[in-house]
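Novice: Build the 3D model from these lines:
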Amino acid sequence: MSACSIFALPIPRRAALAAGVAALLLPAARPRAQSPPKMLRVGYVGLQPRTSPIFAAFLKRMDELGYQENKNFTFDLVQIPTIQEFPAAYAELVARGSDILIATGNEPAMQAARAAGGSIPIVFFALDFDPFEKGFVAGLARPGGNSTGIFVRQIELAEKRVQLAREALPNARSLGLLWDATSREQAVAAAAAASQFGFEPHLIEVGGQPPDYGAALARMADTPGTLMLIPATPQFYRDREVLFRLLLERRMPGIGAFPEQAEAGALLSYGVGVAGVLRDVARYVDRIARGAKPADLPIEQPTHFDLTVNLKTAKALGLTIPPSILARADEVIE
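Specialist: Down below sits the predicted model:
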């Protein structure tokens, strides 16, 4: 399944951006490619272990593009437990001699990569921040500077997940909105949409390190039948198995932001698959390694988002998923 399908209310795209993306994708529009360097060192900092399938997808795509790990390519991964460690970890990668840095997920990752990297090219996956509004790039069609990559408009997607929640559970009244240090804007946007769709929204902050999901969910113990919406954050992605197990134990249906969360037990999810995005990140890495300037590589925005439904979870909770949702689902887990 592609990293991205939209079922309703398509996200607007600027004409200039569409033209820029076309320029990125069409071989005829590319400048003459250079040979990749004899040894390319790519640095990555994240919350996921190296054994995560998302890195297997990235490395496979790099291999398809001509990069064999430990022969002409080194993937230098620093795993960290919390976002507070981003600055030190990126400084370490720069000291090791990274040629290209990858910054995925949240704004602190991007800030740390820029602060440590100087002029080193950065390929980002802006999961929960707008790189243009935050001042990291001069524009989406022509980023300028030394950073480019992929941007997912999570604010709009948060609103669409609320719409899906209403369609999936027409009789639900209470909507819990989890958020952490990087996702409050998503939760606030979802809360505004929740009121429009007849939900009573409850913003619930997840604190502690490691995150105390049990304490956060306990705040809704006196509100039976609560539906929980989980925003797109690296932390909630990493902890998806624990989080959705706790939700299931409390008989709280969960709406996720990634297909991988539906696989972990969310009732349904709507968003991009991280593994697919990292395959696209590999393409940017290749272009830059062959001589392209990040300033000239347009920032891509997915237009195709996966709707995944977990019928196992629905059965465990005694719920019936409407046929209208099943008909649009990209994947149904049975």
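Novice: residues contacting the residue lying closest to Leu297 once chain neighbours are set aside?
Specialist: Leaving aside its sequence neighbours, Leu297 sits nearest to Thr148 (CB to CB, 6 or more residues apart in numbering; 4.4 Å). Every C-beta, even on glycine, is put in place using the N, C-alpha and C of the backbone. Residues in contact with Thr148 (CB atoms under 8 Å, 6 or more residues apart in numbering) are 122-124, 137, 284, 294-295, 297-299.
Novice: in the strand or helix carrying Leu157, what counts as buried?
Specialist: Here Leu157, judged by DSSP states H and E, is contained in helix 154-168. Across helix 154-168, burial judged by 16 or more other CB atoms under 10 Å covers 154-155, 157-168.
Novice: Leu319 - how many residues pack around it?
Specialist: Residues contacting Leu319 under the criterion other CB atoms under 10 Å number 15.
Novice: what's the closest non-adjacent residue to it?
Specialist: Per CB to CB, 6+ apart, closest to Leu319 is Pro253, 6.6 Å.
Novice: What of Thr182?
Specialist: In space, Thr182 is closest to Asn106, 4.0 Å off (CB to CB, 6+ apart).
Novice: which ones are touching that neighbour?
Specialist: By CB under 8 Å, 6+ apart, the contact set of Asn106 is 83, 127-129, 182, 233-234.
Novice: so which of those residues is the most crowded?
Specialist: Comparing those by number of neighbours (other CB under 10 Å), Leu127 comes first, having 27 neighbours.
Novice: Confirm for me that it is in contact with Gln154.
Specialist: Yes - the criterion here is CB atoms under 8 Å, and Leu127 meets it with Gln154 at 6.7 Å.
Novice: okay, and the common contacts of these two?
Specialist: With contacts defined as CB under 8 Å, 6+ apart, the residues shared by Leu127 and Gln154 are Ala232.
Novice: ok, which stretches of the stretch 151-300 of the chain are strands?
Specialist: Counting by DSSP state E, counting those that start in this stretch, one finds strands in the stretch 151-300 of the chain at the ranges 174-179, 200-205, 227-229, 254-256, 268-271.
Novice: cool, the stretch 1-150 of the chain as well?
Specialist: Using DSSP E, counting those that start in this stretch, strands in the stretch 1-150 of the chain cover 40-46, 73-79, 100-105, 122-126, 147-151.
Novice: and the closest residue to Glu85 other than its chain neighbours, how many residues sit next to it?
Specialist: Nearest residue to Glu85, sequence neighbours excluded (CB to CB, 6+ apart): Val45, at 8.0 Å. The tally of other residues near Val45 (other CB under 10 Å) stands at 28.
Novice: go on, Pro170?
Specialist: Quick note: Pro170 (other CB under 10 Å) scores 10 neighbours.
Novice: so how far is Trp179 from the nearest residue to it once chain neighbours are set aside?
Specialist: The spatially closest residue to Pro170, leaving aside those adjacent along the chain, is Pro322, at 7.9 Å (CB to CB, 6+ apart). Separation of Pro322 from Trp179 (CB to CB, to the nearest Å): 27 Å.
Novice: okay, these two: which has more neighbours?
Specialist: Shown here are Pro322 and Trp179; by other CB under 10 Å, Trp179 has more neighbours (23 against 11).
Novice: so Glu300 makes contact with Asp280?
Specialist: Yes - between Glu300 and Asp280 there is a contact under CB under 8 Å: 6.8 Å.
Novice: Could you tell me which residues touch both of those two?
Specialist: Residues touching both Glu300 and Asp280 by CB under 8 Å, 6+ apart: Ile150.
Novice: List the residue ranges of this structure that fall below the pLDDT cut-off.
Specialist: Along the chain, segments meeting pLDDT under 70 span 1-37.
Novice: okay, which residue is most central for it?
Specialist: The residue lying closest to the centre of the chain (CA atoms, centre = their mean) is Leu127, at 4.4 Å.
Novice: Test of understanding: give the bridge partners of the residue nearest to that one when sequence neighbours are not counted.
Specialist: Nearest-residue entry for Leu127: Gly105, 4.7 Å, with adjacent residues in sequence omitted and distances by CB to CB, 6+ apart. For Gly105, the beta-bridge assignment (DSSP bridges) gives partners Ala126.
Novice: so who does Gly105 touch?
Specialist: Gly105 makes contacts with 46-47, 125, 127-128, 182, 233-234, as judged by CB under 8 Å, 6+ apart.
Novice: With Gly208 instead?
Specialist: Ala215.
Novice: phi, psi of it?
Specialist: phi 90, psi 160 (degrees, to the nearest 10).
Novice: That one and Ala181: what is the separation?
Specialist: Taking CB to CB, one finds Gly208 at 11 Å from Ala181.
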